[in-house]
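Asks: Structure of the sequence below:
(chains A, B, C and D)
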There are 4 protein chains.
Amino acid sequence: MVPRYARPAMTAIWEPESKYRIWFEIEAHATQKLGELGVVPESGPKALWDWWKTDPKIDVAAIDAKEAVLKHDVIAFLDWVAEQVGPEARFMHQGMTSSDVLDTTLAVQLARATDILLEDMDELLAALKRRAEEHKYTPTIGRSHGIHAEPTTFGVKLAQAYAEFARCRKRLVAAREEIATCAISGAVGTFANIDPAVEEYVAEQMGLSAETVSTQVIPRDRHAMYFSVLAVIASSIERLAVEVRHLQRTEVLEAEEYFSPGQKGSSAMPHKRNPVLTENLTGQARMIRSYAIPALENVALWHERDISHSSVERFIGPDATITLDFALARLTSVVDKLIVYPERMQKNLDRMGGLVHSQRVLLALTQAGLPRDTAYRLVQRNAMKVWESDGALSLLELLKQDPEVTAAMSEAELEDKFNLDYHFKQVDHIFERVFG
Amino acid sequence: MVPRYARPAMTAIWEPESKYRIWFEIEAHATQKLGELGVVPESGPKALWDWWKTDPKIDVAAIDAKEAVLKHDVIAFLDWVAEQVGPEARFMHQGMTSSDVLDTTLAVQLARATDILLEDMDELLAALKRRAEEHKYTPTIGRSHGIHAEPTTFGVKLAQAYAEFARCRKRLVAAREEIATCAISGAVGTFANIDPAVEEYVAEQMGLSAETVSTQVIPRDRHAMYFSVLAVIASSIERLAVEVRHLQRTEVLEAEEYFSPGQKGSSAMPHKRNPVLTENLTGQARMIRSYAIPALENVALWHERDISHSSVERFIGPDATITLDFALARLTSVVDKLIVYPERMQKNLDRMGGLVHSQRVLLALTQAGLPRDTAYRLVQRNAMKVWESDGALSLLELLKQDPEVTAAMSEAELEDKFNLDYHFKQVDHIFERVFG
Amino acid sequence: MVPRYARPAMTAIWEPESKYRIWFEIEAHATQKLGELGVVPESGPKALWDWWKTDPKIDVAAIDAKEAVLKHDVIAFLDWVAEQVGPEARFMHQGMTSSDVLDTTLAVQLARATDILLEDMDELLAALKRRAEEHKYTPTIGRSHGIHAEPTTFGVKLAQAYAEFARCRKRLVAAREEIATCAISGAVGTFANIDPAVEEYVAEQMGLSAETVSTQVIPRDRHAMYFSVLAVIASSIERLAVEVRHLQRTEVLEAEEYFSPGQKGSSAMPHKRNPVLTENLTGQARMIRSYAIPALENVALWHERDISHSSVERFIGPDATITLDFALARLTSVVDKLIVYPERMQKNLDRMGGLVHSQRVLLALTQAGLPRDTAYRLVQRNAMKVWESDGALSLLELLKQDPEVTAAMSEAELEDKFNLDYHFKQVDHIFERVFG
Amino acid sequence: MVPRYARPAMTAIWEPESKYRIWFEIEAHATQKLGELGVVPESGPKALWDWWKTDPKIDVAAIDAKEAVLKHDVIAFLDWVAEQVGPEARFMHQGMTSSDVLDTTLAVQLARATDILLEDMDELLAALKRRAEEHKYTPTIGRSHGIHAEPTTFGVKLAQAYAEFARCRKRLVAAREEIATCAISGAVGTFANIDPAVEEYVAEQMGLSAETVSTQVIPRDRHAMYFSVLAVIASSIERLAVEVRHLQRTEVLEAEEYFSPGQKGSSAMPHKRNPVLTENLTGQARMIRSYAIPALENVALWHERDISHSSVERFIGPDATITLDFALARLTSVVDKLIVYPERMQKNLDRMGGLVHSQRVLLALTQAGLPRDTAYRLVQRNAMKVWESDGALSLLELLKQDPEVTAAMSEAELEDKFNLDYHFKQVDHIFERVFG
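Replies: As a prediction, this is how the structure comes out:
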């Protein structure tokens, strides 16, 4: 976790105190149910909840000190709680194993983290929708291979991003379901010393579902899937970030990240305004993506579990969610404040001498009866002249002078093929598909 | 693709002829709809389908030869079809762009590949279920950290694998939906030269849904998600493979891959019977997993598309699906024929002098009124003696001789804690959860 | 391996027949030495070499058929050779284990593959050097963040690529050393049944060094290092490919991939000339890079070896080297034939109204006694006006009109700071550093 | 970075104050040289060094506050230094660009981090050597595929680990050379505003070499190579960690991590002693390995640089080096204190009824004149009986009773093949190769 790429609400989820609070709740709920089942006396859970109601401070340092001796975090915690609560605390953790607590806690943390990510996503979607509608009919050149292709609108480009993040949101909802499960099934998942009813009760109290079948731990294919979804979302962030970086290139300059008063773009070159936010997002995306690999390698734990996944999750649990939260918020801000230059878009659109209309002429020639290959050759030979003139020549004018072309199409027919609005007639249909 | 790790049905999907057949179908369906819309004469689609009804052979070499000159595969194909069909073929591909064909074809191929993978998965699930039921009550030691923990049954272990692959199957169904979309939206996704009705018609004919909004291509977050799901499945395969490898270790030998008559385990050591199938699966899992990385890197295409994804997909489209198909089938066969040694399981279970019952004694002591920490210390000090004797001593006997223990529990109470069946009382409940 | 991304010399290394020929040579050399040591009769090696001198065809199908029954490739091969050579063949493979043959063969294949890659690299370096010298003083804008920064020359840019690939070449030489080792040390690496002198002899004959200590296999950290180096080289290929793609963007168009007569850039848009070769290389780089992951996962084999690395290497051995060979050759061709547009470079350089000289003015102002922060502010406020005019205004003219600036510098001094040649005075020094 | 996996000396390198101290040194050395070259007055560097001699505290918070406004870290730092030093500070950073400072600083940090890693490695090598010599002739079973193969010694196994880490050390030295370069070459690497002599001087002062040619930044193929080497080392750590985990398995128990008094292995099961340190290392290895991916993706920066690498390096610079330092130290401690059980090794060695000698019999039979295939069949048929008896039968006894075997070999000859010491005759030779 890099502090400058972290926001407080998400960071709080991963702080030791938050973790211990969840540990306590799980232990107390479990003891509660054990009391109801008559496995432990009712005085056990009562003592726990009574203490909890005093809103006690969790003494992280004291627990850490115990762990240094015991080399076992859950036992250290139970010991500390026992010191606070008194002898009735011995009914805690009956028939449970540490992983019951640890894994269910991770589920709670990831679920809460995902709730924040879903809010982030909603804000990003809202920003994209707003800007898409604003620029629904702002003409801009569509590019493939970095080369001018045919006209589109800037709104359509943003609608594409919206649709992509709407898919990502859906994936994130599914990913949340994947990891929001509770396991309280004992040392090897057999419920030997604990009734499955405890698991079901704790699951309900903590907002989780009960794991179908666990080993000592919740199976890690769930987490692998979760972090893979974050990796996909990161890649979509990268895509939009790269788009902004391209648009801000000096030669393109169709849009620009907001540049605040007082900001300095370069220590050496006072003229610079760099797309640093989206470059920064590009790097963050690489990191979030990379966390999927160890998550995948965590799946093949030995037998009923080994603990190799644990050190991995101490990194990627916080790092992936905190960084993604930051990245989504940063991207939302970039979209929100993006400075868009419609005149420059038009200028770029016009700079290639009408080449962007080449397909329409091709189609018209074939419909006028020319074989496709002949039509292609005719348009290409004129287009290449425009290309080599760097847009100084006009495709329309050259076509009007090409006798093989004019034999098939009149000047007026040709001119009709260079109409920009023609390209936008389905924009409304597209918006309906995307925004409903 | 490595031929020895490939099966014919899956491989066929990726052969050039299959690809060209799908190309034709997409072009012909699109032309059909264009005819209905009056954009091209009805004679266009008719000529195409008439030729198709003659069940023509696709001359891959001829198309390749054209591509060598044109450096464009779709144009090469269209030229070749035009030569077969005659002048009416010029109505093909009207208003479409190559990617409309290529991307929709990839969708069809991946969807078909996934159908095979789903069948593979069903067979694996069936094998796991059968073996799980066979060994529902076969006692075996549950292990955590590779160390004996508490008893479980071999059936429960297989039920865990079943539940994991059932989740994988569900993910695969979702992954299929992700990539089974059709885009026929023209050069930059604006439908400038083609009615969205064509896309909807072709989608329906090819068993796909229409892409919400495309650029020149179907957005690659879909494919990133798809290959990430394959990576998760591969990791689950690895997990079960590693389990078998562990069980077959000389010192464990609770189960063994089938070893056929005539098979040789080693060129040098005639005594060897190695778990080569599951080791092989472990390596294949690594490969399938690795394909998710370039798929994720493919998401951030430039603007309305660049073609960097294409070379990646020429590798991972076939390699990931062909290898996963092979791996699932191989794993099914391993499960199906796995030689299980229940006596050896019992022997291993018994080898640690009853240590596996330490938790029950701990719980009984705390319920008899001892503080948890005291109880733990009492059990641990006896357990460590057994541990150091490598199972020669008996935990039960040592406990019976420990006055602090016997002060809290009678001999009979102690003996009761060493009952194996106690651990299996929830097995039926677990099976109900997993198999319904 | 994708056939269209494969060249014959490299592919040949990985064909079954090549593999079997190396197998034979290793076995025969080992038997030769065993004969010299008196472990086997001299008639053993003699029979082998006599047969080999007949230049026998390797019957791959026959060997495969044997393997189908025996499920062991080396034994199948030995059996087949024994059928050809007769009873004296039984002295082959004495005291060796299959991996002695397999691993040493992989070493030979990778070493030979690397020799081809080194030749590829030399050709790439030669092309880069030639083009760098050609454009040593071709002015072009240097960019950071995609934004115009300060002038440089196109030759310097190519010199940077040269230096990067010169480093890659050095890494490749080291990587070759890593994997060019021979292990003939028996079942667990103890030389129990074979004298270390055999290993040393075979190593020498096959152009390898003897492995310091092996288990059953050559340790896989060597291969992990090797494929990691290929991954770095792939990333450098991607960098240069991305550079070309940027330079060819419609708005930049400072250079272009060669576009052959007859080539078609797009099926729909006859005007297109796309940087498809470098986009293609970008995707290939992603693949080659991804192969490092399973190679790294291969390191942690169990005990004296497990065979999980084998299926991985059947993929990445050929795939990584064949694809990298192709990619290097393709990149060499791109560099060699790259169409460079110096006038366009100059035009781009001039398009921002002299902003690229902002640093020189800043430095001059501080040297004239202004605090750095004041100087920065003065230049920035004028630069931003030019920026917002999209280069229509001139920084020099604005500065001349800014009284705070002119208070510190005369017009002549200001003008002097806008001299392009100033930036190139160290180009010769840089070339000397790079090319020696 | 996870605090529990971090050691202070390494962590200190990455703290803000360390970074700022290096920044200052670079700036001051550069100004020093500029003074010598007459570019700035000698009073400039003098003022800087005079202030530095007062051993000033770096006010990190004050610099951060400036950065929050300026959005540029280097400018914020320069401003703060200027406030401390006074007007002469304006001669700092003349002709330099921020990246000159940032990249050279990263080089210094990585070089210092590597020096610590090299010390770690030396300690690990020393521990491995000591334990290898201690167990040079401790017999243990060698395993392939997890299956008993042939005898070896525990010392040889440790010698294998030693040789692997000796290779890793060599790679680390090369990796240090890769990244220990200094770039002070200005905005686009042309030395337009700064003499190359400054770069050479600063390089020398900071213990680096001058970068051959830089863009705005030091090229990232160097860092990709560096982090790839760390990934290989991590994989070797994983290999040894996995070995220990295997040896500690309940059924194997040939060695065990040190288990301290007071330690608790499990909250639920008082009998547990788990290999938690090496499991933990396995997870850390996964993390360190994963950092190579974003480092590789960082190579293809746009043109003369984009800043996407920066956010990646803020993570992986500290995370990879801090975690690897911790992991190497932990592994050293594991090796150092490893509890080895030679009797258990002998017991395991004996448990398969002499199967481990099957190869020697095979070889003897072929040398006695039997065809290899016949000999193999004879040994295999007896070995399989022993195998199925789980070691209850004895291979030697069965062979003595097999008339086809005894027809070729006498009882005495057979017995001779079951001599354990035979396997260790090259141990000394191996040790000489490894330790010299």
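Asks: is it fair to say residue A:95 lies in a helix?
Replies: No - for residue A:95, which was evaluated using DSSP: H, G, I helix; E, B strand; the rest coil, the result is coil, with no helix membership.
Asks: What residue in the stretch 301-436 of chain A comes nearest to chain D?
Replies: Evaluated by C-beta to the nearest C-beta, the stretch 301-436 of chain A has residue A:311 as its residue closest to chain D, separated by 3.4 Å. All C-beta spots, glycine's among them, are computed from the backbone N, C-alpha and C.
Asks: and that residue, how many neighbours?
Replies: 26 (other C-beta atoms under 10 Å in any protein chain shown).
Asks: and the helix or strand hosting it, is it in reach of chain C?
Replies: For residue A:311, the host element (DSSP states H and E) is helix A:308-337. No - using C-beta under 8 Å from any C-beta of the partner chain, we find that helix A:308-337 stays clear of chain C, coming within 10.9 Å at best.
Asks: near chain D, which residues of the stretch 301-436 of chain A show up?
Replies: Looking at chain D, the residues of the stretch 301-436 of chain A close enough under C-beta under 8 Å from any C-beta are A:302, A:306-316, A:319.
Asks: Can you list the low-confidence ranges for the stretch 1-150 of chain A?
Replies: Under the criterion pLDDT under 70, no range of the stretch 1-150 of chain A is flagged.
Asks: Close to chain B: what parts of it are there?
Replies: Neighbours of chain B within the stretch 1-150 of chain A, by C-beta under 8 Å from any C-beta: A:40, A:78-79, A:82, A:87, A:89-91, A:93-95, A:142-146, A:149-150.
Asks: Any quick PyMOL command for the buried ones out of those?
Replies: A single PyMOL command suffices to select whichever of the residues of the stretch 1-150 of chain A next to chain B are buried according to 16 or more other C-beta atoms under 10 Å in any protein chain shown:
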select buried, chain A and resi 40+78+79+82+89+90+91+93+94+95+142+143+144+145+146+149+150
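Asks: Confirm for me that residue A:226 is in contact with residue A:179.
Replies: Yes - in this structure residue A:226 lies within contact range of residue A:179 using C-beta atoms under 8 Å: 4.7 Å.
Asks: list residues touching both of the two?
Replies: Taking C-beta atoms under 8 Å, 6 or more residues apart in numbering or on different chains as the contact rule, residue A:226 and residue A:179 both touch residue A:110.
Asks: Settle it for me: which of the two has more neighbours?
Replies: Neighbours of residue A:226 and residue A:179, each counted by other C-beta under 10 Å, are more numerous for residue A:226; the result is 29 against 23.
Asks: distance of that one from residue A:291?
Replies: From residue A:226 across to residue A:291, the span is 10 Å (C-beta to C-beta, to the nearest Å).
Asks: cool, and residue A:408?
Replies: Taken as C-beta to C-beta, the span from residue A:408 to residue A:291 is 58 Å.
Asks: try residue A:169
Replies: Separation of residue A:169 from residue A:291 (C-beta to C-beta) stands at 20 Å.
Asks: In terms of neighbours, single out the busier of those two.
Replies: The neighbour comparison of residue A:169 against residue A:291 (other C-beta under 10 Å) goes to residue A:291, with 27 against 18.
Asks: for that one, what are its contacts?
Replies: Residues in contact with residue A:291, defined by C-beta under 8 Å, 6+ apart, are A:227, A:230, A:231, A:315, A:316, A:319, A:320, D:290.
Asks: isn't residue A:293 right up against residue D:290?
Replies: Yes - contact status for residue A:293 versus residue D:290: in contact at 4.6 Å, counting by C-beta under 8 Å.
Asks: Can you name the next helix or strand after the helix holding residue A:311?
Replies: From helix A:308-337, the next helix or strand downstream (DSSP H and E) is strand A:339-340.
Asks: Would you mind listing the outside residues contacting that next one?
Replies: Taking contacts as C-beta under 8 Å, 6+ apart, the residues outside strand A:339-340 that touch it are A:131, A:135, A:138, A:154, A:254, A:255, A:256, A:257, A:258.
Asks: burial measure for the first one, as a count.
Replies: Around residue A:131 sit 23 other residues, with neighbours defined as other C-beta under 10 Å.
Asks: Tell me which residues touch it, please.
Replies: Each residue near residue A:131 by C-beta under 8 Å, 6+ apart is listed here: A:158, A:335, A:336, A:338, A:340.
Asks: Now for the residues you listed, which sits with the most neighbours around it?
Replies: In terms of neighbour count, residue A:158 stands highest of the contacts of residue A:131 at 27 neighbours, by other C-beta under 10 Å.
Asks: Next, count neighbours for residue A:273.
Replies: By the other C-beta under 10 Å criterion, the neighbourhood of residue A:273 contains 24 residues.
Asks: my guess is it contacts residue C:387, does it?
Replies: Yes - using C-beta under 8 Å as the test, residue A:273 is close enough to residue C:387 to be in contact (6.5 Å).
Asks: Buried residues of the helix or strand where residue A:204 lies, list them for me.
Replies: Of the helices and strands defined by DSSP H and E, residue A:204 is found in helix A:196-205. By neighbour count on 16+ other C-beta under 10 Å, the buried set for helix A:196-205 is A:198, A:199, A:201, A:202, A:203, A:205.
Asks: likewise stretch A:428-436?
Replies: Buried positions in stretch A:428-436, judged by neighbour count with 16+ other C-beta under 10 Å: A:430, A:431, A:433, A:434.
Asks: Of those, which ones also sit close to chain B?
Replies: Checked against chain B using C-beta under 8 Å from any C-beta, the buried residues of stretch A:428-436 yield the following neighbours: A:430, A:433, A:434.
Asks: what helix or strand does the last one sit in?
Replies: Think residue A:434. Here residue A:434, judged by DSSP H and E, is contained in helix A:427-435.
Asks: can you give me how far that helix is from the chain middle?
Replies: On the basis of C-alpha atoms, centre = their mean, to the nearest Å, helix A:427-435 is displaced by 23 Å from the centre of the chain it belongs to.
Asks: For it, C-alpha coordinates in CSV please.
Replies: This file holds the C-alpha atoms of helix A:427-435, laid out as CSV (Å, rounded to 0.1, in the frame of the first residue of the first chain):
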residue,chain,number,x,y,z
VAL,A,427,-26.1,7.7,-32.2
ASP,A,428,-29.5,7.9,-30.6
HIS,A,429,-30.0,4.2,-31.0
ILE,A,430,-26.6,3.5,-29.5
PHE,A,431,-27.4,5.7,-26.5
GLU,A,432,-30.6,3.9,-26.0
ARG,A,433,-28.8,0.6,-26.0
VAL,A,434,-26.2,1.8,-23.5
PHE,A,435,-28.2,4.0,-21.2
